[in-house]
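K.L.:
heads up, no residue letters with this:
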């Protein structure tokens, strides 16, 4: 395909786009330890870009018109099936990302539960640490999300979850691993119990699905476990594909077919969709397919080995920082860090102050608020690190930033909930309790908190914001966050 020369006007547009990108967090080089998954291989970026360009005009809606789409999807699903120890009965689809994969897993389970005679509101049973996509799925599709409390290390007791199983459960969800603390749920035990009860068991391996197969020393968690009926695994994470691409695999052809939506009950063309979207780009699929073709199993294993070395090194760095500790026994290329409460108070490090200090040194860690579980037990606030293959090349510089950031804030008290609430304008909680805030009220509250100002700029230090999120009722926090994000993309007056 010959490149067409661009006019001066088009080049000016691209120049502006490059200028806009300069305000973004860096997507390469390992300085953002969440959201982006840098293989460190420039060739993969170029391969993906050219694959997307080739498929740019193609509509992924109809593989009968564009058989290239069917071929690529068939080969991606086939590779994923082999990777996840599936047999010929395991089939699936490529989706637009982990959220869509999780939504479709729930939609499929709900429809089958109804078809098998289920009446009323079905339940999803999952640990508290299950991904927020399942909160969204329950909300969208009318299920109850029954969350099972976990221990302080993020691990769930199998018996606690199994004790929730009954005829109104449409789906059990376990994680490999769970994102917040990288805890691997007891999948074999839970899947076996679900199978005996006749309940499908979904493994959310969106973050681990393309890394754990080569990690080593991991308990069985995939289709090698008999009771596992579906798995989600994101290609745009450790499959190193551009956003957004994921796979959702089902054990059984009929279960997969229940994922589809089809109708001929209108005067247009027959609509048969395996995913939520109809018309869709084939670019992400093409990029994912090309990267799989290029890497194959050997290179995936090498990249995973690099991540494992980097992860072990960084965990050792954190273990050596007085006042901090790694949460639990994380599995895979991610972990969370909390205050070491065993240290003297003057030597403790607040993880959110730490993340702010490290950010000032050019590294972005992800702050996670503490929450109170349904049983009243609180999970501590943490800072999350996601490791990628490129991390190994920056370990010395990153380790120095982690240590220096901790030294800067050691002994600095966490932002007190009382102080955070004291900054709220009068009447906010009462307004929320009386039916919520309208847009203008929410905007005023945000501005009073120093958020949502001109250009949507956020404060340099996020620890106070996270403290406010922990202190406020969830419905207030959620309303304010909706307003903040909505105003970021609204046209100016």
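P.N.:
That came through, no problem. A quick note: this is a predicted structure, and the numbers were derived from the prediction, not measured. Numbering: from 1, shown residues only.

K.L.:
from here on, just use CA atoms for contacts and neighbour counts.
P.N.:
OK.

K.L.:
now do the buried residues in stretch 77-95.
P.N.:
Buried residues in stretch 77-95, counting neighbours by 16 or more other C-alpha atoms under 10 Å, are found at 77-81, 83-84, 86, 90-95.

K.L.:
so which of those belong to helices?
P.N.:
When the buried residues of stretch 77-95 are checked against helices (DSSP state H), the matches are 77, 78, 79, 80, 81, 83.

K.L.:
closest to residue 458 among these?
P.N.:
Checking these against residue 458 by C-alpha to C-alpha gives residue 80 as the nearest, at 39.7 Å.

K.L.:
report the beta-bridge partners for the spatially closest residue to that closest one that is not a sequence neighbour.
P.N.:
Residue nearest to residue 80 in three dimensions, not counting chain neighbours: residue 247, with 7.7 Å by C-alpha to C-alpha, 6 or more residues apart in numbering. Assessed by DSSP bridges, residue 247 has beta-bridge partners residue 94, residue 233.

K.L.:
measure residue 247 to residue 285 for me?
P.N.:
In this structure, residue 247 and residue 285 are 10 Å apart, going by C-alpha to C-alpha, to the nearest Å.

K.L.:
give me the common contacts of those two.
P.N.:
Common contact partners of residue 247 and residue 285 (C-alpha atoms under 8 Å, 6 or more residues apart in numbering): residue 94.

K.L.:
returning to that earlier point: hmm, the residue nearest to residue 80 is touching residue 236, no?
P.N.:
No: counting by C-alpha atoms under 8 Å, residue 247 does not reach residue 236; the two are 10.0 Å apart.

K.L.:
and those two? Which one has more around it.
P.N.:
residue 247 (29 against 26; other C-alpha atoms under 10 Å).

K.L.:
hmm, back to that, which neighbours do residue 247 and residue 236 have in common?
P.N.:
Listed as contacting both residue 247 and residue 236 by C-alpha under 8 Å, 6+ apart are residue 97.

K.L.:
give me the number of residues near residue 26?
P.N.:
When counting by other C-alpha under 10 Å, one arrives at 15 neighbours for residue 26.

K.L.:
what about residue 155, which SS state?
P.N.:
Judged by DSSP: H, G, I helix; E, B strand; the rest coil, the three-state class of residue 155 is coil.

K.L.:
my read: it touches residue 180, true?
P.N.:
No: Residue 155 is not in contact with residue 180 according to C-alpha under 8 Å; the separation is 10.8 Å.

K.L.:
hmm, residue 291 is touching residue 242, no?
P.N.:
No: contact criterion C-alpha under 8 Å: residue 291 and residue 242 do not qualify, at 9.9 Å.

K.L.:
now do the shared contacts for those two.
P.N.:
Here residue 291 and residue 242 have residue 48 as joint contacts, going by C-alpha under 8 Å, 6+ apart.

K.L.:
what about this structure, any weak spots by pLDDT?
P.N.:
Within the chain, the stretches with pLDDT under 70 are 1, 420, 423-435, 452-457.

K.L.:
domains of it?
P.N.:
When the chain is parsed with automatic domain parsing, its domains come out as 52-292, 296-409, 417-488.

K.L.:
could these go into TSV alongside distance to residue 5?
P.N.:
Conversion of the domains of the chain to TSV gives the following (distance: least, C-alpha to C-alpha, whole Å):
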stretch	distance to residue 5
domain 52-292	15
domain 296-409	34
domain 417-488	34
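
K.L.:
so which of those gets nearest residue 8?
P.N.:
Each of these has some distance to residue 8 by C-alpha to C-alpha; the shortest is domain 52-292, at 21.4 Å.

K.L.:
distance between the ends of that closest one?
P.N.:
From the first residue to the last, domain 52-292 extends over 14 Å; the measure is C-alpha to C-alpha.
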